[in-house]
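Enquirer: here are the coordinates; sequence isn't available:
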């Protein structure tokens, strides 16, 4: 394969849109898996699907003393599963992954392979009391409404209705977490990095406990791993006096490099390596605020004998809601940084 | 114009008791109006411009309310203390230690049950007015007597402070606009309305009587530029506000556009106003008879409904310019009427 | 019966917030023009379509009123690229986070209402439903661009697309009250081939969600002998199962209460039964919560009746209505109108107040 530099152009936007419009709720990632397999199969040496549904692909490098590098991007998104049929097209459901109930009510959804359209409605405001209105709706009182003649069975999964848009400098869509990571990893696989044995894991069930990555890491047994994800940007203005010091990351400042979160302390050598690479190549980057949250790096770091890990993510606002927002430039810079960094990975990293 | 503002704000006329202010305003305008009358609710109506609406003329109603908020005595107790209720939006916060003047001239001070020390703010019915009487018999106030806040007019240069800027400042703007309106192709009714503070009542009947093609009120609006104010994007010193919406009304978009384009053409600074609470005479005017397209020119005002309301003198002068510009020329709104 | 769905979908894809009904008014005017003899607009924007009757002049007149305005939002402040909001009409703020909208600034900008990061809100405002004063719109554009395109007072309307659910049911925003406009349109279509003695005014009122003002002023202006209001009512659904709710798609409702004339209720019920249109009684003891409230007391009073179309999730962007119910309402109206005798009004009696 020619050593192309991955860039983001019309084809990449098209692929991202296809990925974002796909429905792949944790445990039911088939639609996304299919797109990934189609996209990468001619660019990798070997690919297989494991017992959990992870797509595991390898590209061997050349030369002695190659490190075994694992790249991970989770394919799953948050959503729900229908658990009981109340009749008349109304279904009880349970959310899969962390969705704030305040983001669910009044939304259009799609269910199942056929993308059956539905809505999550609310008791009319006219029949609520002021106290009721102050409280958020509890998931148990919400129902998915598929219309009175619905034949959909319980057990089907669904999520927010697809809604991808490119607006000015931004991407606005559901599931930017983590279709941005998936799209980025696909592009990286189309280039070649002879200095490493590349192990690409498109993993499942991240949103419900970082589970797919655990077994993928057991399979690959890498020397180091980089997780590509989407991380929340909480960079909204303060609505009372004071400075926003809990922003996590900010849109427009470039890829976010993790140093520590709830599941992992990222390897300081990798942190230094990546930030040096960014500075040298003049690619903007930011450090994701430490604390809170988790990525697949947590599972990978402690699978089997363990491995040093780091996460690099695209910042996005309104995570796990019907519409998230990310900046196109942040995506471009994330891809550029990963490309440059991977090229520079040698055992000298560990000195 | 400050002299006029002082004369108006120094007058005591709470809702329903507008005689005093009506006389003051009538004296100011009688030389300039073509016709003056008073209707059944006490509204003072002054017409300027040809009576039957000449070619291209439009019948316009401009409302500024002449009543102010106040208090009404409910009971005089044995010791001569006067219990009271509110006329219009009177907030407990603005009362303790305040001074009032009754329409009959008696002056007094507002006290709280239990004294002035402590942090609680009692409701109105746990306050009273002390007029200095020693008992019921030598108290010159009886149940039903009406009072308004008393506070001296304060000229701070750019800023002017008085009680009842709401809406004597609107009356002042209307008076000056009437004075400046030498000629107009429109049939303009300047209506100094009554009982706005208790439900825009005067505006309703006067609009029914006049049945204009369009109308607007001139009133104060709130402010967003002092500590802790976050929700309202209007400030003093940035020009009059053109009201798009308030708590009771959506201005007719054609009227909003007309006001904005006039302001821009005449290079008059203005602000766009969306007020979350409160309303004006325009609300009543809009729904009278077959409906009237309405809007409002607002004078931003700090500390509204307190005894010390503050306006910016520049904003007031621009308001006069804007109102004059609106009324002076033929009005070209797409005024679709029914049959 | 002609297919009302394309027209209805166009109505619920156009903005038309209270006092700013222009875009939807134009769609309705275009649709009604070939169905009526004259079409005009009231002084505050309500649409009046007159279909003349065959009776000898002076003919009595009836208005059928459906409000065309919908709830929405308005910009109160633009700060740091984010937009602050006020509501027009009553919105349940609990449903707003994640709702797609259009900001009608100098251009139409797609955006989404977002729940702000909780730590940016004052203590005590972070739990429970986030209040409207703390919700924001993100348009995806940078702050300088937003400041140049969006101003205080600009409108923000819902941008949820209409979708069809199983069972001939449609979901979208503003079905309150565009579903009734569709029903009235069906009535006008039926009247093309049914003769009627009375003059019929099809009225699409403005500002129902804010002031009932369009109805009050149109009733004053047209001064009809009878008025029928068509509005949506509450359908049974999640969290909505009380006596005030009606099954979706199983029939329409007839209003009963002080706001409505019992004689008219009786006549409508008799007619519905005769036509085998399923109807249920919709009880509102005092205020019907519709344009009927202001119409009944216009001028010297007008006998008023209310026909209801059950709707789920009222005042959310995912309202749901059954197509069959709209058709039932349209048909019932047309039959009532064509059955009106010239001397109907003098015959209105209060003697049997117990109209049921």
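Expert: Thanks, I have it. Quick caveat: nothing in here was measured; it's all calculated off a predicted structure.

Enquirer: Show me which residues of stretch C:116-127 are buried.
Expert: Going by neighbour count (16 or more other CB atoms under 10 Å in any protein chain shown), the buried part of stretch C:116-127 is C:116-117, C:119-121, C:125. Quick note: C-beta positions are derived from backbone N, CA and C, even for glycine.

Enquirer: scratch that, stretch A:270-284 is what I was asking about
Expert: A:270-271, A:273-275, A:277-278, A:283.

Enquirer: Ok, stretch A:85-102 next?
Expert: So stretch A:85-102, judged by 16+ other CB under 10 Å, has buried residues A:88-93, A:95-97, A:99, A:101-102.

Enquirer: Let me have these in a markdown table, extended by pLDDT.
Expert: As requested, the buried residues of stretch A:85-102 are exported to a markdown table (pLDDT from 0 to 100):
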| residue | pLDDT |
| --- | --- |
| A:88 | 89 |
| A:89 | 93 |
| A:90 | 93 |
| A:91 | 94 |
| A:92 | 92 |
| A:93 | 92 |
| A:95 | 92 |
| A:96 | 92 |
| A:97 | 91 |
| A:99 | 93 |
| A:101 | 88 |
| A:102 | 89 |
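
Enquirer: Just flag the most distant two among those.
Expert: The largest separation in those, counting by CB to CB, is between A:88 and A:97 at 27.9 Å.

Enquirer: Isn't residue A:213 up against residue A:201?
Expert: Yes: assessed by CB atoms under 8 Å, residue A:213 is found in contact with residue A:201 at 6.6 Å.

Enquirer: Which stretches in the stretch 201-339 of chain B count as strands?
Expert: B:214-221, B:241-246, B:249-250, B:271-274, B:294-302, B:309-312 (DSSP state E, counting those that start in this stretch).

Enquirer: where does chain A have its least confident helix or strand?
Expert: helix A:130-134 (a mean of 74; mean pLDDT, DSSP states H and E).

Enquirer: contacts with chain C among the buried residues of stretch A:85-102, please.
Expert: A:88-90, A:102 (CB under 8 Å from any CB of the partner chain).

Enquirer: Could you export the residues you listed as TSV, including distance to residue C:65 and secondary structure?
Expert: Output for these, formatted as TSV (distance: CB to CB, whole Å; DSSP: H, G, I helix; E, B strand; the rest coil):
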residue	distance to residue C:65	secondary structure
A:88	31	coil
A:89	32	coil
A:90	33	strand
A:102	36	helix
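
Enquirer: want to throw these into TSV with distance to residue B:16?
Expert: Shown next, in TSV, are these (distance: CB to CB, whole Å):
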residue	distance to residue B:16
A:88	57
A:89	58
A:90	56
A:102	47
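
Enquirer: Just name the closest of those to chain B, please.
Expert: Of all these, chain B sits closest to residue A:102, with 21.3 Å by CB to the nearest CB.

Enquirer: Residue C:115 is in contact with that closest one, correct?
Expert: Yes: with contact defined as CB under 8 Å, residue A:102 reaches residue C:115; the gap is 6.0 Å.

Enquirer: which residues do the two both contact?
Expert: Common contacts of residue A:102 and residue C:115, defined by CB atoms under 8 Å, 6 or more residues apart in numbering or on different chains, comprise C:97, C:130.

Enquirer: For the longest helix anywhere in chain A, which helices and strands make contact with it?
Expert: Longest helix of chain A, by residue count under DSSP state H: helix A:328-343. For helix A:328-343, the packing partners by 3 or more CB pairs under 8 Å, 6 or more residues apart in numbering or on different chains; DSSP states H and E come out as strand A:170-173, helix A:176-189, strand A:224-232, helix A:268-280, strand A:309-316.

Enquirer: do you know which of these lies nearest residue C:225?
Expert: With CB to CB as the criterion, residue C:225 lies closest to strand A:170-173 of the helices and strands packed on helix A:328-343, at 52.9 Å.

Enquirer: contacting residues for residue C:8?
Expert: Neighbours of residue C:8 in contact, by CB under 8 Å, 6+ apart: C:162, C:170, C:178-179, C:182, C:326.

Enquirer: just residue C:164 next, same as before
Expert: Applying CB under 8 Å, 6+ apart, the residues near residue C:164 are A:117, A:147, C:5, C:170-171.

Enquirer: my guess is it is in a strand, correct?
Expert: Yes: counting by DSSP: H, G, I helix; E, B strand; the rest coil, residue C:164 is located in a strand.

Enquirer: and the residue in the stretch 101-250 of chain A that chain B sits nearest to, what does it touch?
Expert: Across the stretch 101-250 of chain A, no residue is closer to chain B than residue A:239, which sits at 7.2 Å (CB to the nearest CB). Contact partners of residue A:239, counting by CB under 8 Å, 6+ apart, are B:230, C:116, C:120-122, C:125, C:134.

Enquirer: try it again with 10 Å
Expert: Residues counted as contacts of residue A:239 (CB atoms under 10 Å, 6 or more residues apart in numbering or on different chains) are B:230-231, C:79, C:82, C:84, C:116-117, C:120-122, C:125, C:133-134, C:136.

Enquirer: Could you identify the most distant pair in these?
Expert: B:231 and C:117 (19.3 Å).
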